[in-house]
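> My questions are about this predicted structure, shown below with the sequence.
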Amino acid sequence: MRVFPILPELVLISLAVGLEAYGLRLILEPMSAQPLITAGACHFMASVVAAYIFPKIIIPEQYEAQRKNGFFFFMMVFYLPVLGLTGLILAMPLVARGSFIKSKGSISPVRVNKIRDLPSETAGSDGQSVNSHSLYDLYQSRDPDRRLQAVYATLKLNDRDAIPLLRMALGDATDDIRLLAYALLDRKEYRLSKHIEQSKRDLEKQETSMRKQLCRQIANDYWELAHLGLVQGEAKNYVLGMAYKYIELSLICSPQDSGLLFQYAQILLRLGKYQEALEEFKKAEMLGMEFICLQTYYAEIAFYTGRYQEVKQLMTAIELPAAYPLLTTAARFWRKEI
């Protein structure tokens, strides 16, 4: 917030005060209908001016918040004649002081209105690689500038590594970090959604030669939306359902494609169709996919279906350290006597 309003705002505040004072003067005159009507009109116009100007002074550059709070200021001034407007004017120096103190101890505002247009960077594009573990360590800092730096650095990570950190940042105590994390997640979802729309338009124009590839691409994009956690709740179920639909269309053209069968099984697993998922994983294995790539999926299905001894056998067979820290932790747990 600015400490002192600029001249046009002072003029509007003066106008509101003048209208309110004139209305009060009319009310105090000998009672008659005309002065009361005029006083009411003056008070109404003063309320409208206050509803317009005070949000701009108190929350500049936050246009969505201005629209929402304008009604609050109108009601405050309208239902508290004289007192409402007087209270707002007297509160302005206190709000200005609080805003000044806050600005001294906080990081500069993050402009996220065009975050979708930020260029993507790949790890190592500037000669330095970015390690997701080091970013997690950086994000644990108490310094909001360092946490903000960690969130920005996710632009150099692949989505699988970046999204868990961004989702963690959604709960950050600093507004700008939360907004940036939300905007980066929104950008990832937006780009996948736009790619899906374009692929669907291409699918309508294509003959049979490219339909398999386009259906596969659409299914993969829907799967990424769900698998990476970019959608939640009912939206996630819808996205998985669409991935299921398009992967089945791809399988009509290539029923013996092990990669398609593997992805089909993953989707079935997330939809809770465990037996069907197991059958598709087995088909993919028969067509040449290595058992080691399917081992954790078999263990997951066994866990969900209550076959815990089989889970133990599969998890203890995993070589340590595993590819992912969480998998290493899970494998060590199942190596214990349970």
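It's in.
> rest of the way, CA atoms for contacts and neighbours
Noted.
> buried residues in the longest helix seen in the chain?
If you go by DSSP state H, the chain has its longest helix at helix 175-205. Across helix 175-205, burial judged by 16 or more other CA atoms under 10 Å covers 176-185, 187-189, 192-193, 195-196, 199-200, 203.
> Give me the nearest residue to the residue most central in space within the chain, chain neighbours excluded.
By CA atoms, centre = their mean, the chain has its centre lying nearest to Tyr182, at 3.5 Å. Excluding its sequence neighbours, the residue lying closest to Tyr182 (CA to CA, 6 or more residues apart in numbering) is Leu170, at 6.4 Å.
> and that neighbour, how many neighbours does it have?
Residues contacting Leu170 under the criterion other CA atoms under 10 Å number 17.
> my guess is it contacts Leu184, does it?
No: in this structure, Leu170 is not within contact of Leu184 by CA atoms under 8 Å, at 10.6 Å.
> wait, what's in contact with Ala226?
Counting by CA atoms under 8 Å, 6 or more residues apart in numbering, Ala226 makes contact with 232, 236, 239-240.
> Tell me the buried residues in the one helix or strand it maps to?
Per DSSP states H and E, Ala226 falls inside helix 208-227. Of the residues in helix 208-227, 211-212, 214-227 count as buried by neighbour count, 16+ other CA under 10 Å.
> tell me the angle of that helix relative to helix 175-205?
160 degrees (axes from the mean of the first three to the mean of the last three CA atoms, to 10 degrees).
> and helix 208-227, average pLDDT?
Confidence for helix 208-227, expressed as mean pLDDT, is 87.
> can you give me how far it is from the chain middle?
On the basis of CA atoms, centre = their mean, to the nearest Å, helix 208-227 sits 24 Å off its chain's mean C-alpha point.
> just checking, what packs against the helix or strand just after it?
The helix or strand immediately downstream of helix 208-227 is helix 233-253, counting by DSSP H and E. Helix 233-253 is packed against helix 208-227, helix 258-270, with contacts defined by 3 or more CA pairs under 8 Å, 6 or more residues apart in numbering; DSSP states H and E.
> Other residues contacting helix 233-253?
Outside helix 233-253, the residues touching it (CA under 8 Å, 6+ apart) are 211-213, 215-216, 218-223, 225-226, 257, 260-261, 263-264, 267-268, 270-271.
> so how far is it from its chain's centroid?
So, by CA atoms, centre = their mean, the centroid of helix 233-253 is 23 Å from its chain's centroid.
> For that helix, buried residues please.
Buried, per 16+ other CA under 10 Å, within helix 233-253: 236, 239-244, 246-251.
> do you know how far Leu88 is from Asp176?
Distance, Leu88 to Asp176, using CA to CA, to the nearest Å: 27 Å.
> Confidence-wise, which helix or strand of the chain is lowest on average?
Every helix and strand in the chain was compared by mean pLDDT, DSSP states H and E; the lowest is helix 83-104, with a mean of 62.
> following that helix, which helix or strand comes up?
Defined by DSSP H and E, the subsequent element after helix 83-104 is helix 132-139.
> buried set for that following helix?
So for helix 132-139, counting by 16+ other CA under 10 Å, buried means 132, 135-136, 138-139.
> Return the member of those nearest to Val82.
Closest approach to Val82 among the buried residues of helix 132-139 (CA to CA): Tyr139, at 49.2 Å.
> The closest one and Tyr152 touch, don't they?
No: counting by CA under 8 Å, Tyr152 is not a contact partner of Tyr139; they are 10.7 Å apart.
> Is Ile318 in a helix, a strand, or coil?
Assigned with DSSP: H, G, I helix; E, B strand; the rest coil, Ile318 falls in the coil class.
> List the residues that contact it.
Ile318 neighbours (CA under 8 Å, 6+ apart): 295, 331.
> which among the buried residues of helix 132-139 gets closest to Ser47?
Nearest to Ser47 out of those is Tyr139 (CA to CA; 45.7 Å).
> Find the nearest non-adjacent residue to the closest one, please.
Arg147 (4.5 Å).
> hmm, who's touching the helix or strand containing the one you found?
Per DSSP H and E, Arg147 falls inside helix 144-153. With contact meaning CA under 8 Å, 6+ apart, helix 144-153 is reached by 106-107, 130, 135-136, 138-141, 165-166, 169, 174, 177, 180-181.
> can you give me the angle it makes with helix 132-139?
Between helix 144-153 and helix 132-139, the angle comes out at 150 degrees (the same axes, to 10 degrees).
> Relative to Ala41, which of the buried residues of helix 208-227 is nearest.
Leu225 (54.2 Å).
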